[in-house]
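J.: curious how this folds, go ahead:
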Amino acid sequence: MRLRWMKRKAYNGGRGALLKSGLPFDQLPPVLVGNLEFQKRGALHAHLALPYTSPQERVFTRAFIDCMKEWAPRCGLGFVQGWQAAEKSSLLGHERAAGYLTKYLTSKHPPEFLRVIKGPLVTVSRQLTRRTGCTIQMLRKTRRLWAVRNGHAPVPSWDWETAIRVGYLLEA
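T.: Numbering: from 1, shown residues only. Here you go, the predicted model:
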């Protein structure tokens with residue numbers, strides 16, 4: 001898929017910018033969350049959440065977006081918002097970013113869309129999953145705990161550590 005190839009080019013651009021900057025880094029910052037959807041006009045649209053807190057992340061993210069902007073027309077893909085515009089309009093705190101992405105992550109995809117796209121529609125980086133502890137399995141357990149608290153299900157037999165983690169996730 002062209003988008004996958006373009007992301008690879010963008011990662012290479014980010015790596016080059018980090019090397020050129022002289023900033024130390026162990027590994028490249030990940031694309032934290034990615035989501036694909038069809039727009040009403042039929043064009044494929046990608047939402048990407050990139051890290052932007054440390055100096056390394058800023059250098060990488062700016063170069064990543066610049067490369068996406070450069071390569072999109074060459075790949076027959078549409079408009080990419082530049083990082084200057086993104087900094088002015090879309091730099092979100094973690095809570096606003098979560099709300100923004102939730103709108104796209106919970107949208108229904110029509111069956112024909114699922115047949116056209118090869119690969120995942122939603123991707124979450126391993127780093128983000130590791131930091132939050134939020135997995136599909138944990139979300140299922142959280143839903144179960146919610147049902148228990150509201151009298152809709154019997155109390156599960158989880159070990160103490162799992163029960164604490166699930167309770168913490170439900171309260172978050």
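J.: hey, where'd the strands end up in the chain?
T.: Ranges of strands in the chain, per DSSP state E, are 33-38, 44-49, 122-124.
J.: CA atoms only: put the longest helix seen in the chain into PDB for me.
T.: If you go by DSSP state H, the chain has its longest helix at helix 2-21. C-alpha atoms of helix 2-21 as PDB (Å, rounded to 0.1, in the frame of the first residue of the first chain):
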ATOM      1  CA  ARG A   2       1.300   3.500  -0.800                       C
ATOM      2  CA  LEU A   3       0.600   4.800   2.700                       C
ATOM      3  CA  ARG A   4       2.800   2.200   4.200                       C
ATOM      4  CA  TRP A   5       5.600   3.000   1.800                       C
ATOM      5  CA  MET A   6       5.100   6.700   2.500                       C
ATOM      6  CA  LYS A   7       5.300   6.200   6.200                       C
ATOM      7  CA  ARG A   8       8.600   4.300   5.700                       C
ATOM      8  CA  LYS A   9       9.900   7.300   3.800                       C
ATOM      9  CA  ALA A  10       8.700   9.600   6.600                       C
ATOM     10  CA  TYR A  11      10.400   7.400   9.200                       C
ATOM     11  CA  ASN A  12      13.700   7.600   7.200                       C
ATOM     12  CA  GLY A  13      13.300  11.400   7.000                       C
ATOM     13  CA  GLY A  14      12.800  11.600  10.800                       C
ATOM     14  CA  ARG A  15      15.800   9.400  11.400                       C
ATOM     15  CA  GLY A  16      17.900  11.700   9.200                       C
ATOM     16  CA  ALA A  17      16.700  14.800  11.000                       C
ATOM     17  CA  LEU A  18      17.600  13.300  14.400                       C
ATOM     18  CA  LEU A  19      21.000  12.300  13.200                       C
ATOM     19  CA  LYS A  20      21.600  15.700  11.700                       C
ATOM     20  CA  SER A  21      20.400  17.500  14.900                       C
END
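J.: can you give me the angle it makes with strand 44-49?
T.: For helix 2-21 against strand 44-49, the angle by axes from the mean of the first three to the mean of the last three Cα atoms, to 10 degrees is 30 degrees.
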